[in-house]
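K.L.:
I would like the atomic coordinates for the input below:
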Amino acid sequence: MIGRIRGILLDKTPPTINVDVGGVGYEIDVPMSTLYKLPDVGAEVILHTHLQVRDDAHVLYGFATQAERSAFRALIKVTGVGARIALAVLSGISVEELSSAITLQETGRLTRVPGIGKKTAERLLLELRGKLGADIDAVAAPAQGGQADILNALLSLGYSSAETQKALKALPDGVDVAEGIRLALKSMAR
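P.N.:
Predicted structure coming up:
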């Protein structure tokens, strides 16, 4: 398995780039998110890679971060999702947005990606739930100070991540923990 490539960037022809490694030019398919992070042609580039061996070809995929590569690997394991769709997803939304969409079970974010319909989005949400680091800690990470305490209190009361995130967004800025919990519970009771 080829896990990482370091070499000189020879060419960018989306979605494929060409990287010279010791005199050998590797054609690597990359998502647009990685393409935007690449340096100019002629500069050194380091990519995390995934090699897919098929009957008719060996295809190398490259990613700017290990998180992107991990997300790609998780996506291609989903029934009916191939490498092209996985690249489209990673080109359309960031790994963090994908993780958040899975945690909050938001099909709308995924259907905005070209090539992803409602059924594919629902399949992605179902099969990737609990993967890609999409758990309660990932949802709690962006919350700060009192917001994190309110979030943890609502989650411990048995409310879902989606419900708690929606309730947190409706809270006024600077609300203290006790008042925030009361307001969130009141809004979720409606």
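
K.L.:
any chance you could map the strands in the chain?
P.N.:
Using DSSP state E, the strands of the chain run over residues 4-13, 16-21, 24-29, 44-53, 58-63.

K.L.:
what's Leu87 in contact with, if anything?
P.N.:
The contact partners of Leu87, taken as C-beta atoms under 8 Å, 6 or more residues apart in numbering, are 15, 29-31, 61, 72. Quick note: C-beta positions are derived from backbone N, CA and C, even for glycine.

K.L.:
Of all the helix elements in this protein, which one is longest?
P.N.:
For the chain, the longest helix by residue count, based on DSSP state H, is helix 177-189.

K.L.:
Could you list every helix and strand in contact with that one?
P.N.:
Using 3 or more C-beta pairs under 8 Å, 6 or more residues apart in numbering; DSSP states H and E as the contact criterion, the elements in contact with helix 177-189 are helix 146-156, helix 161-170.

K.L.:
worst average pLDDT in these?
P.N.:
Between the helices and strands packed on helix 177-189, the one with the least mean pLDDT is helix 146-156; it has a mean of 76.

K.L.:
between that helix and helix 161-170, how big is the angle?
P.N.:
150 degrees (axes from the mean of the first three to the mean of the last three C-alpha atoms, to 10 degrees).

K.L.:
what's near enough to touch the residue nearest to Leu104 when sequence neighbours are not counted?
P.N.:
In space, and not counting its chain neighbours, Leu104 is closest to Ala162: 4.5 Å by C-beta to C-beta, 6 or more residues apart in numbering. By C-beta under 8 Å, 6+ apart, the residues touching Ala162 are 103-106.

K.L.:
So Leu9 is in contact with Pro39, correct?
P.N.:
Yes: counting by C-beta atoms under 8 Å, Pro39 is a contact partner of Leu9 at 6.4 Å.

K.L.:
joint contacts of these two?
P.N.:
Val45.

K.L.:
tilt between the longest helix of the chain and helix 161-170?
P.N.:
Going by the same axes, to 10 degrees, helix 177-189 makes 120 degrees with helix 161-170.
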